[in-house]
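Undergrad: Next comes the sequence, and after it the predicted model I'd like to discuss.
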Amino acid sequence: MEKNVKRFPISHVFGFALSLALTFVAAWVAIKTNLSFTIVMWIIGTLAVIQAGLQLFMFMHVNEGEDNKTQIINIAYGVFCAIVIVLGSIWVLSSGHAAH
């Protein structure tokens, strides 16, 4: 079999279906359950982290390639940037710096 032969991307379809399922579960938890706001946010956050990991492996092919150390450093940098942006936004918006 040739190396450049295109095959049906079953792993991509599976990853997409699983991502949709996680999204629908999060929406169902938010809309249809009577859980407290804090518990709903923890469930949605957990499902979001699982979905992000799933997408890293299924669509961005983190486990492929020769240099895994570089990929881990890039992922760690992306997580660091996301944390700084989210926590910085929360800090600025909640501490009154945005009010005049």
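TA: Perfect, I can see it now.
Undergrad: What segments of the chain are helices?
TA: Secondary structure of the chain (DSSP state H): helices at 10-32, 37-58, 68-94.
Undergrad: Would you check how far apart the residue most central in space within the chain and S19 are?
TA: Nearest residue to the geometric centre of the chain (Cα atoms, centre = their mean): A52, 2.1 Å. The gap separating A52 from S19 is 10 Å, by Cβ to Cβ, to the nearest Å. The way it works is simple: take the backbone N, C-alpha and C, and place the C-beta from them, glycine included.
Undergrad: With G96 instead?
TA: G96 sits 38 Å away from S19, taking Cβ to Cβ as the criterion.
Undergrad: Which one's more surrounded, the two?
TA: Using other Cβ atoms under 10 Å as the criterion, G96 and S19 rank with S19 on top: 17 against 8.
Undergrad: now the more buried one: how far from E66?
TA: Separation of S19 from E66 (Cβ to Cβ) stands at 27 Å.
Undergrad: buried set for the least confident helix or strand in the chain by mean pLDDT?
TA: Using mean pLDDT, DSSP states H and E, the weakest-scoring helix or strand in the chain turns out to be helix 68-94, at a mean of 88. Under the neighbour-count criterion of 16 or more other Cβ atoms under 10 Å, helix 68-94 has Q71 buried.
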